[in-house]
Structures are given as C-alpha cells and as structure tokens.
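K.L.:
Curious how this folds, go ahead:
(2 chains)
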Amino acid sequence: MIRDALARGQAEAVFPAELPEYEVTIELPRRSEFGDLACNVAFRLAGKLRMPPRKLAELIASRISLEPEGELDRVEAAGGGFLNFLLKKRVWGSVLERIQAERQAYGDSRLGQGRRVIIEFVSANPTGPLHVGHGRGAAVGDSLANLMKVSGFQVWKEYYVNNIGRQINLLGQSVLARFQEKVYPGSGLDKVITGMPAVEFPADGYQGGYILDLAKGLAQQPADFWPSSEKAREEWIRAVGIYAGNRVLEGIKADLEKFGVTFDLWASEQEMYKSGKVDQALADLENRGYLERHEGATWFKSKDTFGEEKDRVLIRSTGEKTYFASDIAYHREKYARGFDQIVNIWGSDHHGYIPRVRAAIQALGYPEEKLRVILIQFVNLLRAGKQVSMSTRSGEFITLADLVAEVGRDAARFFFLFRKADSHLDFDLELAKKQAPENPVFYVQYAYARVSSIREEARRMGITLPVPEWDPDLLTLPEELTLLRQLVWFPNLIRESAQALEPHHLTAYLLELAGNFHRYYHDYRVLPPKRSSEEQGAREGQSSGEGQSSKLKGENQNDREEGNFEPEELKLSQARLALCDSVQVVIRKGLEILGIQVPEKM
RNA sequence: GCCCCUGUAGCUCAGUGGAGAGAGCAAAGGAUUCCUAAUCCUUGGGCCGCAGGUUCGAUUCCUGUCAGGGGCACCA
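P.N.:
Numbering: from 1, shown residues only, chains lettered A, B, ... in the order given. Below is the predicted model:
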C-alpha cells in the first residue's frame, strides 16, 4: 500500500523515477495517541531523497488510498515523519469474538511447528534439600515448558540426577559418621551390622539436620543392606551414599510436586555409567582424535582445537571419571535422541562451564547452536529488609519447602518469574505473604476473582454470555480500547516470550492487564445499576428463571430479572461483560502458563 | 590476569534503533448509598554509570572506561 502510494507519487513526478531500495516496517506504537500502527518509511527514505522526513510522510499519506471495506480507518503523518494508521473500531472489538470462541486456546500458536525440545532444569545434586535458588530454576523451567507447549513445541522436561561420584560419597561419609556418633552406640545394632569400619566426619562434609535424620533412617535398614565385614571402607560409604542420595531425591521429588513442578524423566547419572554410555562417548571422542593422555590422566583437547583456556580432565589419574565426562555422555544422548532444541537451565555459577560443553558437542560432530543455556542468577532472600543467608554446606538455608510453606506456591512462583532469569532477584518474604495490593500476586489474582464476581452477579440478573450479536460501537471508552489492544497483543507476547525463552515478560503483562482492568472496573459499571424496589413494579416475589438457586430468594427484591432492562442498557452490559470475561480468560491463560492458580473468590 | 552478567526515579526493577523514558514499593494527600476498598485517584521525583563511535535519529548497537556481582579445580 505504501509502495503503491510512492509509485503514485513517482507517476506524478513528486518523487524521482528511480527510488532507492527501501524496507517498509510496521510497528505497534507505544502510545495510543500515535495510532494503532506506525510506519517509519519516511525516515528511511528522507536522506536518500534529500527531503525532510515530515514532508515526505505527508506526501505519502496523501497518496495512500484506503479501501472502504478494509480495516483501516485513516492514515496521517505525525511527529517527525511517522505514518500513523488508525484501525476501525470493529477490528479491536473482534478480538472479543475470537477470545470468546477460542477460550483457553487463545494465545496458542504453531510457532514451534511440532519441533521437539528438551528442557533440563533444577538438576540439583541429591545431597540436600532444594533451596530457594533451585526453586527459581524450577519455576523458570516449568513456565518455559508451558510457554513452549502452547507455542506448538513438543516439550520434554528432564531432571538430571547426579547420583554418583564424589559429592554422593561425601554425603555417604557424612551420614555414616553421624550414624556412628549419634545413632549406633547403645542401639543394639551391633547384632545386625558386623565389621563396620570407623568413619570420621569429613572436614567438608554436609551439615544440617537432615543428615541426622538420614542417619536415623539407617537404623531401619535390613541386615542385607550393610556390606559384609571384609568389604573396604569405601564400599560402606558408597552404600550409605546411594541410600542417602535416594532418600534425599525422594524429598526433592515431593518438594517439587508441592511446587507444582513435574518431570517427564529423572535421568540418572548412574545409568549413564551402567549402560556404558559414558565409555561410548569417550570412545567417540577418542576416535575423533580429541583425547590425550598425560600425567596419568585422560584429557579432552579443548585448548588448541576449540579455543578453550585449557584442556579438561575426563579421567583422573586415579581412574575415576570426572563429572564432565558423564555430562558429555548425557549431552551426546540428548542429541542422539533427536531433539531439535536443547535447553539447559543452570545456576549462574555454571557459566564458565558452558564453553567447555559446547566444545565437547562440536567435537562429537553435533550442531552446538541447538543448545541454549539459561543461567539463573542468585536469589537474595529478604526478611523485613534483612538478608537471609543461604549455603547448603553450613546447613543454614531456607529450603524450597520452607518457602512454599511460608508464602505459598503461587506467590513463590510469581516472584521467581518476576525478573529476567539472569538478573539478581530480591525476594521479600514479608511482601510475598502480604494480602495487599502492593503484593503483585494478589493484585493479579484479585482481578481474576473480580470478574468471577461480576459474572456471578450478572447471572443473578439474568445477563449471560455469549453476546448474541456483536456491536463494536458499544465499547468506545479509551479504557476499553486500552484493554482491547492489550488483549490483541497477548498471542504475540506468548510467541515472543517463547522464542526468547523469557517467561518473565508474562508477569509484567499480567500486572499491566490487571491494573488496566482494576482502573476500568473502578470508573465504570459493567452491569446496569440496581433500581430501588419501588421502581421495580409488579414483578416482585416471582421466582426467577433457569439456574437460580433458592438461596437467592431473599435477594430477589432488589434484583432485576431479564427483560427488565432497556435494550440498549442490556446490550452495553453484555458487551462490557464480554470484555471482562475475555480479560479473565487471558489472565487465566497467563497464570496457567506461569503455574499459578486462579481463585474464583478471594 | 582472563571471561560472563548487571549499572535506568530514594528502593526493587521493566522496557525500546524512533515520538515529553515506565511500573511497583516508599512519602504526602484523597475516593465506597452502586458489580469485592485485597481496589482506585492525585502529587513530587531521572545527565537511562561515564567518554567516544555508527546512524536522519542511541537509554537501546559498537569500542573504551569506571563501579557492583559471579566464574575461572585431576569439584559437581
């Protein structure tokens, strides 16, 4: 259309016959005064045509022909040279028809075209309960999964369990030492356990109350749990470590379930070893010439080949394989399983680790650009403005379970998704608990509950949805247009957030939508005002029509029934009700993606 | 030393190659005969860290610089 206008200008010899290459981009302006769509083509051409952009814009605008049946209402030149387009009102109003028809499917798209994506997240070592930082990763990962699902991706969620290796042994040793110290003496267990080697509590062992609980649990183990007396100390530690790791993992699973987060697979590092996948991966690297042996260890040649700082150890001189070795095998598996996109959500302390993993993926001949890593920055937990310290080792931490118990799952998830994943997050416990407007979670949920309340009241009055016929001219208030525009924007927001892997945009959007709704609600009535009983006339006492429960009888005196409104009044109310209902549908959809529940009443 | 992230209102943070830069909190004052006052309104408040560059146009992109956080193991 714009090109037509320019061509017309050329024909009139206002523009030169030879136009330079140019691009026409249309954007949504931030301010409603600037129209519904804006175009900056005049700026792009101004320099080349040696004309002021404003003048150029006016020339173009005057040559644009609008089809009378089209969706555009008018076009004008504005500002320094923008072309602003105004859509006809029915275009905005039609979004309500669409939402009413699609309901919860509004916002779904086929962006992903069924491509398969694996999202690995949380993946905390089973050496202690999840803390709030893991909770943030869980919230981000789970919401991202939802976001991608509605955007047409096939999503697979996975937790990688590091249930073997040094940390697990350390856990085993910590638990066994506590067992010998606090549980075993005088327990009579010497009849069951024979030849237990003495184990001291390691210097860097795990502290915290859960270690003693695990030690107490050991007392319930059957006799065949314990290694035979001639087995080495390491065997005892390993057995206790695996036991403790499994117990901790059960707790982690339970905590995540309470947090509303589930996984399609709990991938086990032990399994990677048992199935020979680690050895296969190493053999693969060997065949491709990326392994090197010196100083008794086996190294991945990442320094000269991939520009890494240094080579990395895969097999220690002791013969033990490093975590990196099994992680290479795990990533190799992800590629081999045929995922189109691989998303890892890691703690920000892993950032130095990413280039190394990418190097290994390239070394194995896989496309590393399929891998995208989201780093989760630390959560700064505040209570009454004071920082709450966290560290797994010292045992002084607030667990995810504690957090959920204190502020609730909904508030916790919302706060975790409030900020960009890679920026530091201040989490104020007092604010999250507050049942007040300054708490964003309640603010959004309340907007939802309010609509339910309106709908309930409407039902009593006999006003129902769907609207029989849509009259776009009924919603003409600026506040209504603001809401309509925001609803139109929603599917776009979902797509963009899914593409960028950034669920936090959704929390901001919902807050804004809730705010616009609250303002609208405050200033205008959705339903017709109640009439006093004198005005109500002869219909009194009659029981109302379908779907009314008997408990409403007492209220009927003040209520009006269907047919008791002016037709225009009824139509306006229905249109506004459709708007509110559509706002609610979108809030529900948004909160669902974030994993937050919607209350019908508050 | 090298690498990554972050510098935007008093605080916590959104945001964008374009049109007086936004929200929440905090401060002060106000608003319910009527669909939930868990709401709403008003008022102040800003060299978008600093300096260059690219551009018709930079808070946004590039370079440098300063400040804060984090990472650089034969740990995971």
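K.L.:
Can you pull out the low-pLDDT segments for the stretch 251-400 of chain A?
P.N.:
Low-confidence segments of the stretch 251-400 of chain A (pLDDT under 70): A:384-386, A:389-397.
K.L.:
Which residues outside stretch A:214-226 are in contact with it?
P.N.:
A:175-176, A:178-179, A:182-184, A:187, A:189, A:192-194, A:196, A:236, A:239-240, A:243-244, A:247-248 (CB atoms under 8 Å, 6 or more residues apart in numbering). For the C-beta atoms, the positions are set from N, CA and C on the backbone; glycine is no exception.
K.L.:
Over to stretch A:102-115?
P.N.:
Here stretch A:102-115 has contacts from A:98-99, A:148, A:150-154, A:340-341, A:490-491, A:494-495, A:498-499, A:585-586, A:588-590, A:592, using CB under 8 Å, 6+ apart.
K.L.:
So which of the residues you listed sit within strands?
P.N.:
The strands, defined by DSSP state E, take in A:154, A:341 from the contacts of stretch A:102-115.
K.L.:
any chance you could map the helices in the stretch 451-600 of chain A?
P.N.:
A:478-500, A:504-523, A:533-536, A:567-594 (DSSP state H, counting those that start in this stretch).
K.L.:
So the residue nearest the centre of chain A versus residue A:419, what's the distance?
P.N.:
Among the residues of chain A, residue A:143 comes closest to the average C-alpha position under CA atoms, centre = their mean, at 2.7 Å. Here residue A:143 is placed at a distance of 13 Å from residue A:419 (CB to CB, to the nearest Å).
K.L.:
rewinding a little: so of the contacts of stretch A:214-226, which ones are in strands?
P.N.:
Checked against DSSP E, the contacts of stretch A:214-226 include nothing in strands.
K.L.:
Now, of the residues you listed, which are buried?
P.N.:
Applying a neighbour-count criterion of 16 or more other CB atoms under 10 Å, the buried members of those are A:175-176, A:178-179, A:183-184, A:189, A:193, A:196, A:236, A:239-240, A:243-244, A:247-248.
K.L.:
What parts of the stretch 301-450 of chain A come near RNA strand B?
P.N.:
A:309, A:313, A:316-318, A:320, A:322-324, A:348-353, A:375, A:377-378, A:380, A:418-420, A:422-426, A:435-438, A:440, A:442-443, A:446, A:449-450 (CB under 7 Å from any atom of the strand).
K.L.:
how about a cut-off of 6 Å?
P.N.:
A:309, A:313, A:316-318, A:322-323, A:348-353, A:419-420, A:422-426, A:435-438, A:442-443, A:446, A:449-450 (CB under 6 Å from any atom of the strand).
K.L.:
One more: the stretch 451-600 of chain A?
P.N.:
Going by CB under 6 Å from any atom of the strand, the residues of the stretch 451-600 of chain A near RNA strand B are A:453-454, A:457, A:505, A:508, A:511, A:515, A:518-519, A:521-522, A:524-527, A:529-530.
K.L.:
pLDDT below threshold where in chain A?
P.N.:
Within chain A, the stretches with pLDDT under 70 are A:20-21, A:23, A:30-32, A:384-386, A:389-397, A:437, A:466-472, A:530-565.
K.L.:
any idea how far residue A:145 lies from RNA strand B?
P.N.:
Using CB to the nearest atom of the strand, to the nearest Å, we find residue A:145 at a distance of 20 Å from RNA strand B.
K.L.:
So what's the residue count around that residue?
P.N.:
25 (other CB atoms under 10 Å).
K.L.:
quick one, what contacts the nearest residue to it once chain neighbours are set aside?
P.N.:
Leaving aside its chain neighbours, residue A:145 sits nearest to residue A:155 (4.8 Å; criterion: CB to CB, 6 or more residues apart in numbering). Contact analysis of residue A:155 by CB under 8 Å, 6+ apart lists A:117-119, A:145, A:148-149.
K.L.:
try 10 Å
P.N.:
A:112, A:115-119, A:144-149, A:264, A:341, A:343 (CB atoms under 10 Å, 6 or more residues apart in numbering).
K.L.:
Can you list which of those residues are found in helices?
P.N.:
Applying DSSP state H to the contacts of residue A:155, the entries found in helices are A:144-149.
K.L.:
Quick one: the strands in the stretch 151-300 of chain A, in order.
P.N.:
For the stretch 151-300 of chain A, the strands defined by DSSP state E, counting those that start in this stretch occupy A:154-161, A:265-268, A:291-294, A:297-300.
K.L.:
Could you tell me which strands the first one is paired with, and in which direction each runs?
P.N.:
According to DSSP bridges, the neighbouring strands of strand A:154-161, each with its direction, are strand A:116-120 (parallel), strand A:265-268 (parallel).
K.L.:
Tell me which of those is the most buried.
P.N.:
Of all those, strand A:116-120 has the most neighbours on average by mean count of other CB atoms under 10 Å, namely a mean of 22.
K.L.:
Centre of the chain to it, how far?
P.N.:
In terms of CA atoms, centre = their mean, to the nearest Å, the gap separating the centre of strand A:116-120 from the centre of its chain is 14 Å.
K.L.:
so does it get close to RNA strand B?
P.N.:
No. Judged by CB under 6 Å from any atom of the strand, strand A:116-120 makes no contact with RNA strand B; its nearest approach is 13.9 Å.
K.L.:
Show me what that strand is in contact with.
P.N.:
Contacts to strand A:116-120, defined as CB under 10 Å, 6+ apart, come from residues A:140-142, A:144-145, A:148-149, A:153-160, A:263-265, A:267, A:330-331, A:333-335, A:337-346, A:370, A:372-374, A:498, A:501.
K.L.:
got the helices of the stretch 451-600 of chain A as TSV, with mean neighbour count columns?
P.N.:
Listed next are the helices of the stretch 451-600 of chain A as TSV, based on neighbours: other CB atoms under 10 Å:
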stretch	mean neighbour count
helix A:478-500	18
helix A:504-523	18
helix A:533-536	10
helix A:567-594	21
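K.L.:
Give me the secondary structure label for residue A:74.
P.N.:
Assigned by DSSP: H, G, I helix; E, B strand; the rest coil, the conformation of residue A:74 is strand.
K.L.:
quick one: contacts for it?
P.N.:
Residue A:74 neighbours (CB under 10 Å, 6+ apart): A:35, A:61, A:64, A:66, A:84-88.
K.L.:
6 Å instead?
P.N.:
residue A:86 (CB atoms under 6 Å, 6 or more residues apart in numbering).
K.L.:
Mind listing the residues bridging to it?
P.N.:
residue A:86.
K.L.:
I'd like to know how far it sits from RNA strand B.
P.N.:
To RNA strand B, residue A:74 is 14 Å away according to CB to the nearest atom of the strand.
K.L.:
same question, residue A:406
P.N.:
Distance, residue A:406 to RNA strand B, by CB to the nearest atom of the strand: 16 Å.
K.L.:
Give me the three-state assignment for that residue.
P.N.:
Residue A:406 is classified as helix under three-state DSSP.
K.L.:
gap between it and residue A:413?
P.N.:
Counting by CB to CB, the separation of residue A:406 from residue A:413 is 14 Å.
K.L.:
Residue A:420 - that's part of a strand, no?
P.N.:
No. Using three-state DSSP, the assignment for residue A:420 is coil, not a strand.
K.L.:
burial measure for it, as a count.
P.N.:
15.
K.L.:
what's near enough to touch the residue nearest to it when sequence neighbours are not counted?
P.N.:
Excluding the flanking residues, the one nearest residue A:420 by CB to CB, 6+ apart is residue A:504, at 5.4 Å. By CB under 6 Å, 6+ apart, the contact set of residue A:504 is A:417, A:419-420.
K.L.:
again, only this time at 10 Å
P.N.:
A:140, A:143, A:416-421, A:423, A:497, A:594.
K.L.:
again, but for residue A:5
P.N.:
So residue A:5 contacts A:15, A:41, A:59-65, A:75, A:83 (CB under 10 Å, 6+ apart).
K.L.:
Sort out which of the residues you listed are in helices and list them.
P.N.:
Per DSSP H, the contacts of residue A:5 map to helices at A:41, A:59-63.
K.L.:
Just the buried residues out of those, in PyMOL syntax.
P.N.:
The PyMOL command for the buried members of these (criterion: 16+ other CB under 10 Å) is given here:
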select buried, chain A and resi 41+59+60+61+63
